[in-house]
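> sequence and predicted structure are below.
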Amino acid sequence: MKSNPQELDEKRLSAMKVKILEAEMKNLKTREKNNDQMVETITKIISNEAGKKY
């Protein structure tokens, strides 16, 4: 069964949202990363998820 491209995009978007929110929540608790480091983390999450195949 093939999925249409829009369904794949929704899966990727949902995965990105979850990972970004998890990173944000962790950082709120630990204050481990500053703003620039969080931007870098979020950029990596987006790049990694965009490159995955479902």
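Cool, got the structure.

> all strands for this structure, in order.
In order along the chain, the chain carries no strands (DSSP state E).

> look up how far K52 lies from the spatially most central residue of the chain.
When the chain is reduced to its mean C-alpha position, the nearest residue by C-alpha atoms, centre = their mean turns out to be M16, at 2.7 Å. Applying C-beta to C-beta, to the nearest Å, one obtains 10 Å for the distance of M16 from K52. Any C-beta I mention is one placed from the backbone N, CA and C, and that applies to glycine too.

> surely the residue nearest to the centre of the chain meets T43?
No. Between M16 and T43 no contact is recorded; they are 11.1 Å apart, counting by C-beta atoms under 8 Å.

> worst-scoring helix or strand of this protein, pLDDT-wise?
Among the helical and strand segments of the chain, the one scoring lowest on mean pLDDT, DSSP states H and E is helix 5-30, with a mean of 91.

> from the chain's centroid, how far away is that one?
From the chain centre to the centre of helix 5-30 is a distance of 4 Å (C-alpha atoms, centre = their mean, to the nearest Å).

> now for that helix, which elements pack on it?
When contacts are defined as 3 or more C-beta pairs under 8 Å, 6 or more residues apart in numbering; DSSP states H and E, helix 5-30 sits against helix 35-51.

> packing partners of the helix it packs on?
With contacts defined as 3+ C-beta pairs under 8 Å, 6+ apart, helix 35-51 has these neighbours: helix 5-30.

> could I get the buried residue list for the helix it packs on?
Residues of helix 5-30 classed as buried by neighbour count (16 or more other C-beta atoms under 10 Å): 12, 15-16, 19-20, 23, 27.
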